[in-house]
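Undergrad: give me the fold of what follows.
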Amino acid sequence: MSYKILVAEDDTDIQEVLRLYLENAGFTVLAADNGRQAYELLGTHKPDLAIFDIMMPELNGFELTKRVRMTSNIPIIILSAMNSDSDKILGLDIGADDYITKPFNPLEVVARVQSNLRRKYKLDGSAGTAGGETLVVGELSLDTKKFTLKKNDEEIQLTPTEFKILATLMEKPGRVFTKAQIYERINGEYFENDDNTMMVHISKLREKLGDDSKNPKYLKTVRGLGYKIEKS
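TA: Coordinates of the predicted model:
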């Protein structure tokens with residue numbers, strides 16, 4: 001199966017480099033020069049994954065991501081020269097699954113595309129966690145068939161990546177997972193610069209769970225090792 005990848009990037013040189021490397025890896029590439037065109041292609045061609053630049057005309061990458069997340073769980077990778085922590089946090093918070101800063105190695109982009117596709121279709125099509133099991137830890141209830149989280153019967157909205165991190169931890173309460181182990185389970189591969197991204201995901205999860213970052217009830221940091229979720 002040839003997956004369709006949408007590349008929304010107004011720099012034609014970058015667009016062509018990504019097309020070359022992605023097509024060489026066996027993907028079909030759809031290209032858009034601006035955010036509005038990208039949104040139209042999403043509706044008409046139903047790509048399997050999207051790569052969005054931030055600084056695009058007509059509709060920027062942040063706004064585009066928010067619109068897409070209203071109706072779709074397609075994996076989204078943000079590719080941007082905006083490399084501050086606040087930009088990364090914003091991108092991940094509004095629903096992006098990954099964030100790559102420019103300048104970039106095209107081979108890493110291809111690897112991240114492959115890992116995000118593996119993560120999505122492995123989870124969505126597997127018979128294990130996605131088969132209908134409900135994971136319960138204290139006040140938290142994670143329905144792995146409906147992909148919903150409830151705390152005291154109140155539903156909490158999660159991004160696809162946040163859901164997968166929480167599912168990994170809730171499957172084995174009390175067990176410590178390193179950042180690399182978590183990333184390998186949800187993404188298939190781990191890259192050195194994923195450390196900060198994982199910290200952002202954990203921070204946003206704590207915020208959504210109402211967990212005190214200084215004294216969290218659920219998501220515990222085990223210094224020098226990784227993270228765990230406390231047993232109820």
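
Undergrad: OK, contacts around residue 6?
TA: 29, 30, 31, 32, 38, 41, 42, 45, 47, 49, 50, 51 (Cβ atoms under 8 Å, 6 or more residues apart in numbering). Yep, even glycine has a C-beta here, placed from its N, CA and C like the rest.

Undergrad: what average pLDDT does the helix or strand hosting it get?
TA: Here residue 6, judged by DSSP states H and E, is contained in strand 4-8. Average pLDDT, strand 4-8: 96.

Undergrad: okay, residue 82 and residue 114: tell me how far apart.
TA: In this view, residue 82 and residue 114 are 24 Å apart by Cβ to Cβ, to the nearest Å.

Undergrad: next one: the strand holding residue 6 to chain centre, how far?
TA: From the chain centre to the centre of strand 4-8 is a distance of 16 Å (Cα atoms, centre = their mean, to the nearest Å).

Undergrad: next structured bit after it?
TA: helix 12-24.

Undergrad: so what touches that following helix?
TA: Under Cβ under 8 Å, 6+ apart, the answer for helix 12-24 is 5, 7, 9, 29, 31, 33, 51, 53, 79, 102, 106-107, 109-110, 113.

Undergrad: check contacts around the residue positioned nearest the centre of the chain.
TA: By Cα atoms, centre = their mean, the chain has its centre lying nearest to residue 97, at 1.8 Å. Residue 97 makes contact with 75, 76, 77, 116, 159, 160, 161, according to Cβ under 8 Å, 6+ apart.

Undergrad: could those residues go into JSON lines alongside distance to residue 185 and neighbour count?
TA: Converted to JSON lines, those look like this (distance: Cβ to Cβ, whole Å; neighbours: other Cβ atoms under 10 Å):
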{"residue": "75", "distance to residue 185": "16", "neighbour count": "25"}
{"residue": "76", "distance to residue 185": "20", "neighbour count": "29"}
{"residue": "77", "distance to residue 185": "18", "neighbour count": "20"}
{"residue": "116", "distance to residue 185": "13", "neighbour count": "25"}
{"residue": "159", "distance to residue 185": "16", "neighbour count": "21"}
{"residue": "160", "distance to residue 185": "14", "neighbour count": "22"}
{"residue": "161", "distance to residue 185": "11", "neighbour count": "26"}
